[in-house]
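Asks: quick one, what's the 3D model for this:
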Amino acid sequence: MALIQQSPIREVSGIDEEDMERIRNFLQGAVYCWCKNQENRWFSLRDLMGGDNSNWDGTPLSKLYEKHAGLSDPAAIEQAGKEGGWLLKRVISDDRRRFDTRIAELIRQYLWIPSV
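Replies: Okay, here's the model as predicted:
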């Protein structure tokens with residue numbers, strides 16, 4: 001079980017359950033790929049997505065940006081990034097594997113702790 005209970009896990013609203021499930025599954029797959037290929041390296045949502053929130057086209061995460069489309073582009077990107085981070089935290093929390101967490105570069109990062 002993850003070690004991320006130091007802070008609350010926030011809920012994301014305004015996304016239907018089917019899209020939410022797609023987002024969680026997508027993030028879970030990204031976490032598995034990272035842990036397999038980048039063992040012993042910290043990661044954040046930014047790392048999993050290869051940069052910033054503008055790389056979300058064609059992924060389930062684009063629904064988060066679309067939800068905030070009425071905002072200016074930078075504000076929509078910022079809010080979608082926050083909510084994406086909240087969803088990643090939920091995915092990590094629900095994962096059966098163990099992770100450590102920290103705040104670095106103003107974002108939450110995770111590190112998989114393999115079983116001994």
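
Asks: tell me the phi and psi of Gly14?
Replies: Gly14 has phi and psi values of phi 90, psi 10 when expressed as degrees, to the nearest 10.

Asks: low-confidence regions, this structure specifically.
Replies: Per-residue confidence of the chain (counting by pLDDT under 70) places the weak regions at 1-6, 52-55, 116.

Asks: what ranges does it have for its helices?
Replies: Listed in chain order, the helices of the chain (DSSP state H) span residues 17-37, 45-48, 62-67, 73-94.

Asks: JSON lines for the ones you listed, including mean neighbour count?
Replies: No exception for glycine: its C-beta is placed from N, CA and C like everyone else's. Formatted as JSON lines, the helices of the chain follow (neighbours: other C-beta atoms under 10 Å):
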{"stretch": "helix 17-37", "mean neighbour count": "15"}
{"stretch": "helix 45-48", "mean neighbour count": "19"}
{"stretch": "helix 62-67", "mean neighbour count": "19"}
{"stretch": "helix 73-94", "mean neighbour count": "18"}
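
Asks: nearest to Trp112, of those helices?
Replies: Trp112 sits nearest to helix 17-37 of all these, at 4.4 Å, using C-beta to C-beta.

Asks: name the residue closest to the centre of this protein, please.
Replies: With the centre of the chain defined as its mean C-alpha position, the nearest residue by C-alpha atoms, centre = their mean is Leu88, 2.7 Å away.

Asks: so how far is Ser72 from it?
Replies: Distance of Leu88 to Ser72, computed by C-beta to C-beta, to the nearest Å: 24 Å.

Asks: again, but for Phe26
Replies: From Phe26 over to Ser72 (counting by C-beta to C-beta), the distance is 26 Å.

Asks: sweet, I'm off.
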